[in-house]
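J.: sequence first, predicted model second:
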Amino acid sequence: MPAYPRPEPSPEPHRPQPTALDRRRLLRGTALLGAAALSGGAGALAVGAGPATAAPAGFPTYAYLGQALNFDGLRYNPTRELIFPCVRGVYDRISGGLGRYYLYYAPHDEPGGICLAYGNSLAGQFTEYAGNPIVGRTWSPHYSVKHVSSPHVLWNTATRQFYLYFHGDNDTTRLAISSDGVRFTYHGVVLSTAMVPNLTESSYARVFEHSIPALGSRYVMVYMGYHTVRPGFRKIFWGWSADGRSWRFDPQPLVSPSGDGLSDLSGAHLLHRNGTTYVVYHGGSGRMYLTEVGNNFDREVHLGVFHSPLSGAPDNGRAAAPAFGTDRGVQYMFYEAGQRGSSRIAVARAR
């Protein structure tokens, strides 16, 4: 099995061996390992240079290539900050697509707006879709909010449709569904703070095909919740679903920031390797971290720094919200580069 999900909208299904699900019985351990140090310059997708060390659990390190979009040439860029990339291969899912790959992203600050770009290589720059935003902050008669952001698109193999999860406002995660990945129909709210106790925010959700037999689930969601129970503030939570539309949620955090010596976590992504399951996410330090959660999401073993940002542009000390894909055997990581309020979408390649 490859180390990362393929860039196609549905990763290769993961089939864990069934075990009893009781994460309360397990100790939460930490094993802080060394950080990956990368360096590179801004601009078009040119290979960066600099030393790198092995990432935890045998994952590769990633070297900065460049920005995925011509930031200054974007037609829709109302706040001049872009976040939360999600890249999906569509070439074997639909006919007549705009390109082999679709890249979803958004501004975060008001008014936000879910945006689309397309390209034929994960290593090349993407072209902005002329109709952006494809989802706005008002969708009559369904909602009218200050902003919508953090798009994550899943290819639902059962329905052969694109499922777009996005937040707006910060206490609500919504779902829209499409047959072509461009034009979406609103489905409804799938997560809100009213559904999980002790949360005042619930956003930045990503959804993956992942079976947990004891729960009868086919999909899992990882998301950020602002937790009123201390220690820590923003933590990684999770839920499970049989169809990607109706969800149940664990009221306890899946990953807490204290295990990394932090107070805030966000932007989680699922990874499979070594016969087990991991979550990679970013912390308030600006770095990305890795925690093993196990195939049944019943563990919390902190493994330390997964990726360190560049000190210079475009990261400026912060790399966040990673998304992964493989193009012609080469592994890539798309991520949110830069401090909040001035972030851009960057691409790194596995060494």
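T.: Sure, I can see it.

J.: what is the neighbour count of A320?
T.: By other Cβ atoms under 10 Å, 25 other residues sit near A320. All C-beta spots, glycine's among them, are computed from the backbone N, C-alpha and C.

J.: no, scratch that, I was asking about T326
T.: 18.

J.: could you do Y104 as well?
T.: Applying other Cβ under 10 Å, we find 25 other residues in the vicinity of Y104.

J.: remind me which helix or strand it belongs to.
T.: strand 101-106 (DSSP states H and E).

J.: and that strand, what's its mean pLDDT?
T.: The pLDDT scores in strand 101-106 average 98.

J.: show me what it is packed against.
T.: When contacts are defined as 3 or more Cβ pairs under 8 Å, 6 or more residues apart in numbering; DSSP states H and E, strand 101-106 packs onto strand 83-89, strand 115-119, strand 149-156.

J.: save the ones you listed as a markdown table, and put in mean pLDDT too.
T.: Shown next, in a markdown table, are the helices and strands packed on strand 101-106 (pLDDT from 0 to 100):
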| stretch | mean pLDDT |
| --- | --- |
| strand 83-89 | 98 |
| strand 115-119 | 98 |
| strand 149-156 | 98 |
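
J.: could those strands go into TSV alongside mean neighbour count and distance to Y204?
T.: As requested, the helices and strands packed on strand 101-106 are exported to TSV (neighbours: other Cβ atoms under 10 Å; distance: least, Cβ to Cβ, whole Å):
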stretch	mean neighbour count	distance to Y204
strand 83-89	25	7
strand 115-119	22	16
strand 149-156	25	5
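
J.: turn the ones you listed into TSV, including distance to F334.
T.: Below are these laid out as TSV (distance: least, Cβ to Cβ, whole Å):
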stretch	distance to F334
strand 83-89	4
strand 115-119	11
strand 149-156	12
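
J.: wait, which of the ones you listed is closest to W238?
T.: Across the helices and strands packed on strand 101-106, W238 has its closest neighbour in strand 149-156 (13.9 Å, Cβ to Cβ).

J.: so what does the next helix or strand after the closest one touch, helix or strand wise?
T.: Next helix or strand after strand 149-156 toward the C-terminus (DSSP H and E): strand 161-167. Strand 161-167 is packed against strand 149-156, strand 172-178, strand 199-212, with contacts defined by 3+ Cβ pairs under 8 Å, 6+ apart.

J.: pLDDT on the longest one, on average?
T.: When you say that, I think you mean strand 199-212. In this model, strand 199-212 has an average pLDDT of 98.

J.: note down every partner strand of it and its orientation.
T.: Within its sheet, strand 199-212 is paired with strand 217-227 (antiparallel), according to DSSP bridges.

J.: next SSE downstream of the partner strand?
T.: Sequence-wise, the next helix or strand downstream of strand 217-227 (DSSP H and E) is strand 234-241.

J.: what is the mean pLDDT for that next one?
T.: On average, strand 234-241 scores 98.

J.: check what contacts that strand and list those residues.
T.: 191, 196, 199, 201-202, 207, 212, 215, 217-227, 247-250, 253-257, 263-266, 268, 279, 281, 297 (Cβ atoms under 8 Å, 6 or more residues apart in numbering).

J.: rerun at 7 Å
T.: Defining contact as Cβ atoms under 7 Å, 6 or more residues apart in numbering, one finds that strand 234-241 is touched by 191, 196, 212, 215, 217, 219-227, 247-250, 253-257, 264-266, 268, 279, 281, 297.
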